[in-house]
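[1] Provided below are the primary sequence and the corresponding predicted coordinates.
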Amino acid sequence: MKKTKMFQKIGLYVVLVIGALISLFPFYWAVIGATNESGKMFSATPTLTPGNKLIDNITHLNESIGIGRVMFNSLFVATTYTVLSLLICTMAAYAFAKFRFKGRNIIFAMFLISMMIPYHATVIPLFKMMAALGWLNTYKALILPNLAYPFAIFLMRQNMLAFPDALIEAARIDGAGEWRIFFRIVLPSMKPALAATAIFLFMYQWNSFLWPLIAVSSEDMYTFPVALSSLFGLSRIDYGQVMAGVTLATVPIIIFFLALQRHFISGMLGSAIK
């Protein structure tokens with residue numbers, strides 16, 4: 001019996017290691033491509049070892065898209081969006097979870113149904129709205145749409161449903177206002193859920209391509225996905241530059257995830273259990 005359990009455990013670890021290697025290989029391939037010439041990547045026997053062209057590829061990439069400007073645009077847009085959206089979605093989730101008002105369930109159901117609408121169907125009305133407001137080719141056009149992200153509201157609401165109503169009522173009896181209850185009592189206990197939601201929001205905005213491609217027309221406003229798409233010309237494509245850009249674009253996401261990974265799993269499990 002002990003041997004059977006040991007073999008099962010070994011088999012499980014083998015499967016997990018294989019799965020981890022398969023998951024990490026695309027990133028490894030991007031790093032390898034960033035350090036080699038395009039020809040070596042797509043030769044009959046593609047290389048799987050690092051080369052010595054990393055500095056050259058990054059230099060050429062900077063000449064093509066301006067890494068500093070693009071990185072600033074992406075970080076500013078993604079970070080600002082994450083903070084504002086997290087605040088708005090958390091307040092909406094608190095209202096749906098802890099307040100009783102007419103039509104609450106209907107409004108929440110409409111939020112959930114909105115996730116079924118294809119994003120492409122909303123692009124034209126959104127573009128017309130931004131054009132009417134004069135916000136095209138500005139940070140406002142990149143940040144303000146989709147701040148009330150339905151999945152983020154759903155995720156935070158599921159966690160807030162488990163927060164004891166007795167604590168909120170006790171705070172009200174003690175004279176605390178709703179803003180103080182929300183920021184001083186409820187939010188501090190929601191750190192795992194906030195971390196999980198922040199990761200989803202940051203990755204959603206960081207990887208957004210279609211809307212920034214439509215909303216901005218100046219190269220000075222390009223985010224990383226849009227800037228990388230400009231590297232694909234009609235004739236020759238320098239995949240060394242592309243892979244260098246992909247690698248640089250992936251680093252902030254990894255850093256952001258590692259910074260919040262302590263709370264991520266508990267936040268996701270908490271919402272699932274509730």
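    Structure received. Residues are numbered from 1 along each chain as shown.

[2] Which stretches in the stretch 101-250 of the chain count as helices?
    104-114, 119-133, 139-143, 150-160, 165-173, 178-180, 191-206, 210-215, 224-229, 239-273 (DSSP state H, counting those that start in this stretch).

[3] So for Lys40, which of those helices sits nearest?
    helix 239-273 (8.9 Å; C-beta to C-beta). Glycine gets a C-beta too; all of them are placed from N, C-alpha and C.

[4] Would you mind checking the average pLDDT for the closest one?
    Across helix 239-273, pLDDT averages out at 75.

[5] Could you do stretch 215-232 as well?
    89.

[6] Which positions within it qualify as buried?
    Of the residues in stretch 215-232, 215-216, 221-228, 231 count as buried by neighbour count, 16 or more other C-beta atoms under 10 Å.

[7] How about stretch 152-164?
    152-160, 163.

[8] Just the CA atoms of it, as PDB, please.
    C-alpha atoms of stretch 152-164 as PDB (Å, rounded to 0.1, in the frame of the first residue of the first chain):
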ATOM      1  CA  ALA A 152     -14.000  42.000 -11.100                       C
ATOM      2  CA  ILE A 153     -17.300  43.000  -9.600                       C
ATOM      3  CA  PHE A 154     -18.400  39.400  -9.500                       C
ATOM      4  CA  LEU A 155     -15.200  38.200  -7.900                       C
ATOM      5  CA  MET A 156     -15.200  40.900  -5.200                       C
ATOM      6  CA  ARG A 157     -18.900  40.400  -4.500                       C
ATOM      7  CA  GLN A 158     -18.400  36.700  -3.900                       C
ATOM      8  CA  ASN A 159     -15.800  37.400  -1.300                       C
ATOM      9  CA  MET A 160     -17.700  40.200   0.400                       C
ATOM     10  CA  LEU A 161     -20.800  38.000   0.900                       C
ATOM     11  CA  ALA A 162     -18.900  36.100   3.600                       C
ATOM     12  CA  PHE A 163     -18.000  39.300   5.500                       C
ATOM     13  CA  PRO A 164     -20.000  39.300   8.700                       C
END
